[in-house]
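> Give me a 3D structure for the following:
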Amino acid sequence: MTESRKLNLPNAINEGQIKLLIFDAFILLGEELGNHYESKITPILGKNWVYELARGRGDLEYNTTDPQWVLVEPLRNPTSPTRLTLPKGPGFYNRVSTLAKARNAYFHNNNNGSIEAALRVLELLLEVSLAIPLDFAGNAYADGIRRLNSLKQGEVFHGGESNLKRVVLLEQQVAELEELANLNKELIHKRQVVLEEALDDVALQQEKVRELEEKVGNKDQAIAQARKEQEAAEKLALGLKAEYDAKVAELAEKEAIERQYKELLRTLVESKTVESINSTNTKSNKSDSHDVAPGDNWPSEKGSRRLTLSVNFRELYDTKSGELLKEKFGDAASALANEWLEIKPQGGRIFVDEKGNATAYRGEDLIYLGKVSFWA
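I've put the predicted structure just below:
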């Protein structure tokens, strides 16, 4: 069973970030729905049910975590065992059909990348996930919808490091796919040579049988032996042909994935995705601190993390653990303590929120002290 991935939520309205979100949303669907099929069908039909399904249709083995396959398999095959694990009725399959088309559009870069289009896809993914149900995927899609709606309303988000890592991972995957494709091409060429030799041997065995039949007829022992050798050669050639076809199909699949990933990377470059993530991450602290300066009244809630500002030692302590922050963060913690003592000379309790904004009470007023940079 694959480990469920979390979606990297966009921190700005940017075409590349939005397309990356939908791209990963479909990959998540493939993983979650594929695992759903496996968990429901394997206990009934056995662990080889996918292989048997493909063989029965004369196809090569299917990939049960492919976003396209998990949607198209039940959609196009009314007798598919996957249908036994899904809701019934045209309404559900209409959604599946729409998702399959949307998946093709996003994976082949045939969409406008708008936030509205992305919301429609995420809402469909959520509806399908809730109907099956796929709880992890449903929660992830709900998070994605909330984030996009918040971005539409002008909310600013920071911490896009996971999005940057996803872009790096995507580039690494493309590089690996290119390398793997080249290796597979070499292997396919070698298998083609072996297969052609086997087919030549089959032709020679067939000719040998034909000549013997002309000379001695069908009842001679030599004919029986020649036919046995012919059958062995044909069996070997068929096995080699199956292996060759499987490798060719595997290469075609990886090249298709590589093309899709490269199309997405081109979109990321053209829409300046990395720049959009970085620009949002590196905006001035004022955007995170409600445009207030140190010493001003704080217009929001105080943070839940508590520190103690020591007047005697001119240091900061973690109130919960008693840890001296200088021991963990060095001179940066001491410098911060000295800066804050200029604003709050009496020391005392400091509150820090999840974005690193530090506040303290001065009388009845909650005031802003600054940022805890080593936690930001």
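> Quick check: which ranges of the stretch 101-250 of the chain have low pLDDT?
108-112, 156, 158-163, 217-220, 249 (pLDDT under 70).
> how about the helices of it, start to end?
115-131, 135-152, 161-216, 221-270 (DSSP state H, counting those that start in this stretch).
> Would you format those helices as a markdown table with mean neighbour count included?
All C-beta atoms are positioned from the backbone trio N, CA, C, and that covers glycine. Output for the helices of the stretch 101-250 of the chain, formatted as a markdown table (neighbours: other Cβ atoms under 10 Å):
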| stretch | mean neighbour count |
| --- | --- |
| helix 115-131 | 18 |
| helix 135-152 | 18 |
| helix 161-216 | 14 |
| helix 221-270 | 15 |
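> Identify whichever of those lies nearest to Glu327.
Glu327 sits nearest to helix 161-216 of all the helices of the stretch 101-250 of the chain, at 26.1 Å, using Cβ to Cβ.
> one step back: to Leu324, which of the helices of the stretch 101-250 of the chain lies closest?
Of the helices of the stretch 101-250 of the chain, nearest to Leu324 by Cβ to Cβ is helix 161-216, at 28.0 Å.
> how is this protein carved up into domains?
Domain ranges of the chain: 15-157, 163-272, 285-375, per automatic domain parsing.
> ok so, going back, between the helices of the stretch 101-250 of the chain, which one is nearest to Val311?
helix 161-216 (36.3 Å).
> I'd like the domains of the chain as TSV, with distance to Leu7 appended.
Shown next, in TSV, are the domains of the chain (distance: least, Cβ to Cβ, whole Å):
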stretch	distance to Leu7
domain 15-157	5
domain 163-272	10
domain 285-375	20
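> for these, which one sits closest to Asn8?
Once the domains of the chain are compared by Cβ to Cβ, domain 163-272 is nearest, at 4.7 Å.
> quick one: contacts for the residue lying closest to Gly144 once chain neighbours are set aside?
Spatially, and ignoring its direct neighbours in sequence, Gly144 is nearest to Leu122 (4.9 Å; Cβ to Cβ, 6 or more residues apart in numbering). Listed by Cβ atoms under 8 Å, 6 or more residues apart in numbering, the contact set of Leu122 reads 22, 25, 141, 144-145, 148.
> mind running it again at 10 Å?
7, 21-22, 25, 140-148 (Cβ atoms under 10 Å, 6 or more residues apart in numbering).
> Of these, which is the nearest to Gly322?
Asp143 (35.9 Å).
> Relative to Thr65, how far out is the closest one?
Distance, Asp143 to Thr65, using Cβ to Cβ, to the nearest Å: 21 Å.
> follow-up on the earlier one: export the helices of the stretch 101-250 of the chain to JSON lines and tack on distance to Glu15?
What follows is those, written out as JSON lines (distance: least, Cβ to Cβ, whole Å):
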{"stretch": "helix 115-131", "distance to Glu15": "9"}
{"stretch": "helix 135-152", "distance to Glu15": "13"}
{"stretch": "helix 161-216", "distance to Glu15": "13"}
{"stretch": "helix 221-270", "distance to Glu15": "7"}
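> right, so of those helices, which gets closest to Ile44?
That would be helix 115-131 among the helices of the stretch 101-250 of the chain, by Cβ to Cβ, at 21.2 Å.
> and the angle for the closest one with helix 135-152?
Comparing the axes of helix 115-131 and helix 135-152 via axes from the mean of the first three to the mean of the last three Cα atoms, to 10 degrees yields an angle of 160 degrees.
> that older thread, Tyr361: which of the helices of the stretch 101-250 of the chain is closest?
Comparing those under Cβ to Cβ, the one sitting nearest is helix 135-152, at 30.3 Å.
> Just the CA atoms of that closest one, as CSV, please.
This file holds the C-alpha atoms of helix 135-152, laid out as CSV (Å, rounded to 0.1, in the frame of the first residue of the first chain):
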residue,chain,number,x,y,z
ASP,A,135,-11.5,9.8,3.7
PHE,A,136,-7.9,10.9,3.4
ALA,A,137,-8.3,12.2,-0.1
GLY,A,138,-11.6,13.9,0.8
ASN,A,139,-10.0,15.8,3.6
ALA,A,140,-7.1,16.8,1.3
TYR,A,141,-9.4,18.1,-1.4
ALA,A,142,-11.4,20.0,1.2
ASP,A,143,-8.2,21.7,2.4
GLY,A,144,-7.4,22.6,-1.2
ILE,A,145,-10.8,24.1,-1.7
ARG,A,146,-10.5,26.2,1.5
ARG,A,147,-7.1,27.4,0.4
LEU,A,148,-8.2,28.5,-3.1
ASN,A,149,-11.2,30.3,-1.7
SER,A,150,-9.0,32.1,0.9
LEU,A,151,-6.6,33.2,-1.9
LYS,A,152,-9.6,34.5,-3.9
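> can you offset everything so residue one is 38?
In the new numbering, first residue 38, that becomes helix 172-189.
> if you skip the residues just before and after it, what's nearest to Thr135?
Leu161 (6.0 Å).
> how near is that neighbour to Arg140?
10 Å.
> Next: Leu185.
18 Å.
> what does Asn176 give?
On the measure of Cβ to Cβ, Asn176 and Arg140 end up 20 Å apart.
> now swap in Leu162 and tell me
Taking Cβ to Cβ, one finds Leu162 at 10 Å from Arg140.
> so what sits against both of these two?
The contact lists of Leu162 and Arg140 share 59, 62-63, 66, where a contact means Cβ under 10 Å, 6+ apart.
> Alright, calling it a day.
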